[in-house]
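Asker: Here is my input, please return the structure:
(one chain, ligands or ions: 1)
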Amino acid sequence: MLKATNLHKTYRRDAHSVHVIRGLDLEIQTGEFVSVIGVSGSGKSTLMHLLGTLDSPDQGEILLDGRRIDNLPPLERDQLRNQTFGFIFQFYHLLPELTMLENVLMPVMISHSFFGWMRKSRMWKKRALELLERVGLGHRIKHKPRELSGGEMQRTAIARALIQQPKILLADEPTGNLDRDAGLDIIQILRDLNRSEGTSILMVTHNLDIVSETDRVVRMTAGKIDAPSEPTEPTLKLHPTPNLVANW
Ligand SMILES: Nc1ncnc2c1ncn2[C@@H]1O[C@H](COP(=O)(O)OP(=O)(O)OP(=O)(O)O)[C@@H](O)[C@H]1O
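Answerer: Numbers count the residues shown, from 1 in each chain. Have a look, this model is predicted:
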């Protein structure tokens, strides 16, 4: 489904440059839940930005269902990103002045014209309410972020990431700011979603307690995936095996 080949990315500022991604190959199958681990600075977040078309590689290509997506013109790229990817970040990135319901609706309001939004606003609100119910926050829709715990804010961020029915969720350390129990709740939600909807998930994490919940673990070192593994067979998904993490 998503395939990156020989990616390179260098950040440049003035006379300094940092070659962060160095010939990276990675393939993710439809419906797979994949963890990305690796030491700090190995390029995990940069990889997520490239795959999610938030940034462009200097070299290499990214294919989504066979279509090249790393070199699209800006408008087409923004449209594709809205339709394809959902993003979850370590620090939630909720807007403090908005209620939970409004935060979940925000991607729709941004990506539609005023009239487009108004025409279907009831449908979108219904979907947002269903998603907030699903993550266990149906009773908190009018609350603002400061009134919620970290785990509740992250659950809201998951609902927000799902509002436009993405094919792929890119989660960058989604449990990094949470205690163990809240982190396990988040993983449970992501795993249920992956299994029930078949949403592909790529998750960066430093938390080795949770990687065994995913189908496959890949490790990054110095801008490359160590020994790229084959995508997992769908049958494996129902029984994630501990030996998938044995190489870590
Ligand atoms: N916009 C940028 N400009 C310059 N350098 C950057 C930029 N973004 C990241 N880097 C550098 O790229 C390298 C990789 O950063 P990245 O955030 O991708 O690593 P990471 O593996 O996600 O790290 P961590 O686990 O600490 O989050 C780091 O050395 C970082 O300083």
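Asker: show me what contacts the residue nearest the centre of the chain?
Answerer: With distances taken as Cα atoms, centre = their mean, residue 170 lies nearest the centre of the chain, 1.4 Å away. Counting by Cβ atoms under 8 Å, 6 or more residues apart in numbering, residue 170 touches 48, 51, 52, 85, 86, 87, 88, 202. The way it works is simple: take the backbone N, C-alpha and C, and place the C-beta from them, glycine included.
Asker: residue contacts, residue 59?
Answerer: 6, 7, 8.
Asker: Who wins on neighbours among the residues you listed?
Answerer: residue 7 (26 neighbours; other Cβ atoms under 10 Å).
Asker: Just the buried residues of stretch 61-74, please?
Answerer: Neighbour-count burial for stretch 61-74 flags 62, 64, 69, 70, 72 (criterion: 16 or more other Cβ atoms under 10 Å).
Asker: Out of the residues you listed, the closest to residue 155 would be?
Answerer: residue 64 (27.3 Å; Cβ to Cβ).
Asker: For the closest one, give me its contacts.
Answerer: Going by Cβ under 8 Å, 6+ apart, residue 64 touches 1, 2, 80, 84.
Asker: so for stretch 207-219, what's the average pLDDT?
Answerer: Computed over stretch 207-219, the mean pLDDT rounds to 92.
Asker: Please compute how far it lies from its chain's middle.
Answerer: Taking Cα atoms, centre = their mean, to the nearest Å, one finds the center of stretch 207-219 at 15 Å from the center of the full chain.
Asker: what does stretch 180-197 give?
Answerer: 13 Å.
Asker: now stretch 199-208
Answerer: 8 Å.
Asker: same check, this time on stretch 188-208
Answerer: 9 Å.
Asker: measure it end to end?
Answerer: 15 Å (Cα to Cα, to the nearest Å).
Asker: Using neighbour counts, pick out the buried residues of it.
Answerer: Of the residues in stretch 188-208, those buried (16+ other Cβ under 10 Å) are 189-191, 193-194, 199-205, 207.
Asker: nearest to the ligand, of these?
Answerer: Compare each of the buried residues of stretch 188-208 with the ligand using Cβ to the nearest ligand atom and the shortest gap goes to residue 204, at 6.4 Å.
Asker: roughly how far apart are that closest one and residue 37?
Answerer: Taking Cβ to Cβ, to the nearest Å as the criterion, residue 204 is separated from residue 37 by 8 Å.
Asker: Also residue 60?
Answerer: Distance from residue 60 to residue 37, by Cβ to Cβ: 22 Å.
Asker: Between those two, which has more neighbouring residues?
Answerer: residue 37 (20 against 17).
Asker: Can you spell out which residues form a bridge with that one?
Answerer: residue 219 (DSSP bridges).
Asker: what ranges of this protein fall below the confidence cut-off?
Answerer: Scanning the chain for pLDDT under 70 picks out 228-230, 232-248.
Asker: the strands in it, which residues?
Answerer: 2-13, 16-28, 33-37, 59-64, 67-68, 85-88, 168-172, 200-204, 216-221, 224-225 (DSSP state E).
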